[in-house]
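> coords please:
(one chain, ligands or ions: 1)
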Amino acid sequence: MQLNWDPRPIHAIDSHTEGEPTRVIVDGGPDLGTGSLAERLEVFRDRFDRFRCATVCEPRGSDVVVGALLCTPQDPAAATGVIFFNDVGYLGMCGHGTIGVVRTLAYLGRIQPGKHLLETPVGPVHAELHADGSVSVQNVPSYRYRAAVPVDVPGIGTLHGDIAWGGNWFFLIGNHPFNLLPANRDQLVAATKAIRTALEQQGITGKSGSYIDHIELFAPPASATNSSRNFVLCPGASFDRSPCGTGTSAKMACLHADGKLAPGELWRQEGILGTHFTGSIRTEAECVLPTITGRAWITADTTLLFDPLDPFAQGIAF
Ligand code: PYC
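Take a look at the predicted model:
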C-alpha cells in the first residue's frame with residue numbers, strides 16, 4: 001500500500017518515563033498546517049493516520065509505545081507543540097510522554113533547566129526541567145465528573161468507579177478483586193478491557209458522551225513511602241508501565257472531591273513496576289490543577305526508514 005506522506009527518513013528519539021516508552025518524532029512528520037494543536041490533530045487523524053501507525057506500530061514499534069509528534073507552536077513563547085498518539089489512536093494529553101518530550105528537548109540542546117510551555121490539543125501545559133533531570137508537568141485542569149458509578153462486568157460482577165478527566169477520560173476503581181502485580185498483567189489487561197467494553201455497552205461515558213478509554217485500578221502501595229499503587233489500561237490493549245500522569249491527575253481530582261487531598265499535599269502514585277510520580281494540586285474554580293513529577297531516560301537516537309517496496313512500510317495495525 002502507498003504511503004501518503006513524503007517517506008523521507010524520520011529523526012526519532014526514544015525514551016522511557018518511569019518504565020513507559022515515548023518516541024518523539026523530531027522532524028520529518030506530515031504537514032498538518034498552522035491551526036491550533038486541536039485542529040492539527042484532526043488533520044493528522046483524517047489525512048495521515050498511516051503515519052501514526054508507521055511510526056509506533058510494529059515492526060518499528062509496539063502497542064506500548066506512545067508517539068509524540070513535535071509541531072511548531074502557535075505561541076512563539078512555547079518550546080514546542082506536541083500531539084500524542086499510540087498504536088490505536090490519539091491521546092489528548094500524556095503525562096509520561098510530556099516528561100519524555102522535555103527530556104528529549106534537553107537532550108537535543110533545545111532547552112535548559114527551567115520552566116517551559118508546551119502546546120497540546122487539550123490546552124497549554126507548563127513543564128519544569130529540574131537541575132537533577134527530573135521533570136514537573138503542570139497538567140490541564142482536571143476534575144471528577146461522576147462518583148461511584150456502578151457497572152456490571154460479565155465474569156466479574158458489579159464494580160463501582162469514579163469518572164474523571166485528567167487530560168484523558170478515566171474510570172477509577174478502588175474496590176475490585178485483583179492483585180496489582182506485574183505477574184498478573186494478562187489477567188489485569190483482560191479485566192480492564194472487559195470493564196471498558198461494559199462501560200461502552202452500558203452507555204457510561206465522560207462528559208458530553210466522551211468515550212472512556214483509560215481504566216485505572218488502585219491498591220495499597222508496595223513501598224511504604226508511596227500513597228497508592230495503580231494499574232492503568234491505555235487505549236487499545238496495552239497498560240501503562242509508569243504510574244500514568246493523566247491517571248494520577250484524575251486520581252488527585254477524585255481525592256480532592258472526597259476531601260482527601262488538600263492543595264499542596266503530596267501524593268506519591270506508584271505504578272505497576274513500583275516506580276512513582278509525585279503529585280500535588282492547586283485548585284481553580286471547579287477543577288484541580290495537578291502537577292506531577294517524574295524521571296525519563298533517553299534510550300535511542302534513531303532514524304526511521306520507509307522503503308516503498310516494504311509491504312509493512314506503514315506499520316501493522318492489528
Ligand atoms: O502518562 O498520561 C500518561 C499516559 C497516558 C497514556 C500512557 N501514559
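> So which elements touch the longest strand along the chain?
Taking DSSP state E as the criterion, the chain has its longest strand at strand 143-153. Under the contact definition 3 or more C-beta pairs under 8 Å, 6 or more residues apart in numbering; DSSP states H and E, strand 143-153 sits against strand 157-165, helix 185-201, helix 245-257. No exception for glycine: its C-beta is placed from N, CA and C like everyone else's.
> I'd like to know which of the ones you listed lies nearest to the ligand.
helix 245-257 (3.4 Å; C-beta to the nearest ligand atom).
> List the contacts of the longest strand of the chain.
158-165, 171, 191, 194-195, 198-199, 202, 204, 206-207, 250, 253-254, 257-258, 286-288 (C-beta atoms under 8 Å, 6 or more residues apart in numbering).
> Which positions in this structure make contact with the ligand?
Glu20, Val66, Leu91, Cys94, Gly95, His96, Cys234, Asp240, Ser242, Cys244, Gly245, Thr246 (C-beta under 6 Å from any ligand atom).
> how deep is the second one tucked in, by neighbour count?
Here the count is done by other C-beta atoms under 10 Å, and Val66 has 26 residues near it.
> Tell me the buried residues in the longest strand of the chain?
The neighbour-count check on strand 143-153 (16 or more other C-beta atoms under 10 Å) flags Tyr143, Arg144, Tyr145, Val149, Val151, Val153 as buried.
> Same check on stretch 135-143?
Buried residues in stretch 135-143 (16+ other C-beta under 10 Å): Val135, Ser136, Val137, Gln138, Asn139, Val140, Pro141, Ser142, Tyr143.
> quick one: terminal-to-terminal distance for that stretch?
23 Å (C-alpha to C-alpha, to the nearest Å).
> Quick check: mean pLDDT of that stretch?
Across stretch 135-143, the average pLDDT comes to 97.
> so where do the helices sit in the stretch 51-200 of the chain?
Under the criterion DSSP state H, counting those that start in this stretch, helices of the stretch 51-200 of the chain are mapped to 95-107, 185-201.
> Just say which of those helices is most tucked in.
Ranked by mean neighbour count under mean count of other C-beta atoms under 10 Å, the helices of the stretch 51-200 of the chain are led by helix 95-107, which reaches a mean of 27.
> angle of that helix against helix 245-257?
Counting by axes from the mean of the first three to the mean of the last three C-alpha atoms, to 10 degrees, helix 95-107 lies at 130 degrees to helix 245-257.
> Show the average pLDDT along helix 95-107.
98.
> Show me how far that helix is from its chain's centre.
Centre-to-centre, helix 95-107 and its host chain are 12 Å apart (C-alpha atoms, centre = their mean, to the nearest Å).
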